[in-house]
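Engineer: Next one to model:
(one chain, ligands or ions: 1)
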Amino acid sequence: MHKARKRFGQNFLNDHHVIDRIVKSINPTVGQHLIEIGPGRGAITEPLLQALDGHLDVIELDRDLIPILKAQFFRYEGLEIHEADALKFDFASLAQDDRPLRLVGNLPYNISTPLMFRLLEFSELISDMHFMLQKEVVERLCAAPGDSAYGRLGIMMQYRCEARYLFTVPPGSFSPAPKVDSAIVKLTPRKELPYKAENFQLFAQVVKAAFAQRRKTLRNNLKGLIDEQALTNIDINPSVRAETLDIESFVRIANAMHESAQ
Ligand SMILES: C[S@@+](CC[C@H](N)C(=O)[O-])C[C@H]1O[C@@H](n2cnc3c(N)ncnc32)[C@H](O)[C@@H]1O
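Structural biologist: Model prediction:
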């Protein structure tokens, strides 16, 4: 019998109503290319395989789960089990035809933020992502300017993706039960970016610096990167806090810095 491991963030879904709701939200159809991150003991894997005529890629880090998954799903020849770390996995290696990738997973909470940043690198190959995460992380991913959860994670994600909070899942739906609520988020990479940063690294640097100290003004957090006058020139008030600025404003700051460096 496999024992749940904390270090792999293992909280297995055991609530059929919730599993059903997740699969309905994903709405998988035969012919689509789905990839499940962290299949665990197969709670979502099973209904996905049924909906996808047995064709699915799964990525699992816990090597003790691999033989269990193989035995459980031996009938499905189209199931590819990758024993790998999703944080290091080359998702482009799965995009061998022109079908976009659909990512799903009840993710280990301990790697959720770095995994989100990693997946952004592959966003052009992905049509959508449905993830279960800690509720607080989903709130951050979906937050708008002025919300208390609004910050670096939400801005970097929403720059590339539309983020939608689907529903909340209580601790009792898992075994072992986590200490906090979880939620399902749908992330849809944008085909066209509404605001384009000329230099993406610079944009990322501005967002990071702007939130370095949440209670400080832009003037203070961006000191050394861009001066007060340059902010005023592009209609950004240096006395406000970063949490009031929309994504377009951050792009405007980064683009002004990029132009002045040319
Ligand atoms: C929260 S459990 C979910 C399991 C299953 N999908 C379910 O809903 O019951 C997270 C799963 O991700 C796996 N995992 C943890 N870290 C991982 C990583 N870096 N790459 C791939 N899988 C990982 C764990 O072993 C576990 O199976």
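Engineer: Please report how far Leu141 lies from Gly42.
Structural biologist: Distance of Leu141 to Gly42, given as C-beta to C-beta, to the nearest Å: 26 Å. C-betas here are computed from N, CA, C, even on glycine.
Engineer: Could you do Asp57 as well?
Structural biologist: Distance from Asp57 to Gly42, by C-beta to C-beta: 14 Å.
Engineer: count of neighbours near the closest residue to Glu243 other than its chain neighbours?
Structural biologist: The shortest distance from Glu243 to any non-neighbouring residue, by C-beta to C-beta, 6 or more residues apart in numbering, is to Tyr150 (5.3 Å). Residues lying near Tyr150 (other C-beta atoms under 10 Å) number 23.
Engineer: do Ser182 as well
Structural biologist: Per other C-beta under 10 Å, the neighbour tally for Ser182 reads 26.
Engineer: Please report phi then psi for it.
Structural biologist: Dihedral pair for Ser182: phi -120, psi 170, per degrees, to the nearest 10.
Engineer: Go ahead and confirm it touches Glu136.
Structural biologist: No - using C-beta atoms under 8 Å, Ser182 makes no contact with Glu136, being 9.6 Å away.
Engineer: returning to that earlier point: which one of Leu141 and Gly42 has more residues nearby?
Structural biologist: Between Leu141 and Gly42, counted using other C-beta under 10 Å, the more crowded position is Leu141 (25 against 21).
Engineer: Now do the contacts for the more buried one.
Structural biologist: By C-beta atoms under 8 Å, 6 or more residues apart in numbering, the contact set of Leu141 is 116, 133, 153-154, 157-158, 163, 185, 187.
Engineer: how about 6 Å then?
Structural biologist: Residues near Leu141 by C-beta atoms under 6 Å, 6 or more residues apart in numbering: 154, 157, 163, 185.
Engineer: Identify the single longest helix in this structure, thanks.
Structural biologist: Ranked by residue count and defined by DSSP state H, the top helix of the chain is helix 247-261.
Engineer: Helices of the stretch 151-262 of the chain, start to end?
Structural biologist: 152-160, 200-210, 218-221, 228-233, 247-261 (DSSP state H, counting those that start in this stretch).
Engineer: Now tabulate those in TSV and tack on distance to Pro28.
Structural biologist: Shown next, in TSV, are the helices of the stretch 151-262 of the chain (distance: least, C-beta to C-beta, whole Å):
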stretch	distance to Pro28
helix 152-160	23
helix 200-210	32
helix 218-221	43
helix 228-233	47
helix 247-261	31
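Engineer: most packed of these?
Structural biologist: For the helices of the stretch 151-262 of the chain, the largest average neighbour count (mean count of other C-beta atoms under 10 Å) is found in helix 152-160, namely a mean of 21.
Engineer: And for that one, what's in contact with it?
Structural biologist: 120, 123, 140-141, 143, 163, 189, 207, 211, 247.
Engineer: ok, now with 7 Å
Structural biologist: For helix 152-160, contacts defined as C-beta atoms under 7 Å, 6 or more residues apart in numbering pick out 113, 116, 120, 123, 140-143, 163, 187, 189-190, 204, 207-208, 211, 247, 250.
Engineer: I'd like to know how many residues surround Val137.
Structural biologist: Residues within reach of Val137, counting by other C-beta under 10 Å, total 22.
Engineer: same deal with the one 3 residues further on?
Structural biologist: If you count neighbours by other C-beta under 10 Å, Arg140 ends up with 24.
Engineer: give the contact list for the closest residue to Arg241 other than its chain neighbours.
Structural biologist: Excluding the flanking residues, the one nearest Arg241 by C-beta to C-beta, 6+ apart is Thr217, at 6.1 Å. Thr217 is in contact with 238-241, counting by C-beta under 7 Å, 6+ apart.
Engineer: So which of those residues is the closest to the ligand?
Structural biologist: Using C-beta to the nearest ligand atom, Arg241 comes nearest to the ligand of the contacts of Thr217, at 34.5 Å.
Engineer: For that closest one, grab the count of nearby residues.
Structural biologist: Neighbourhood size, Arg241 [other C-beta under 10 Å]: 16.
Engineer: so what pLDDT did it get?
Structural biologist: On pLDDT, Arg241 comes in at 96.
Engineer: Cool, thanks, signing off.
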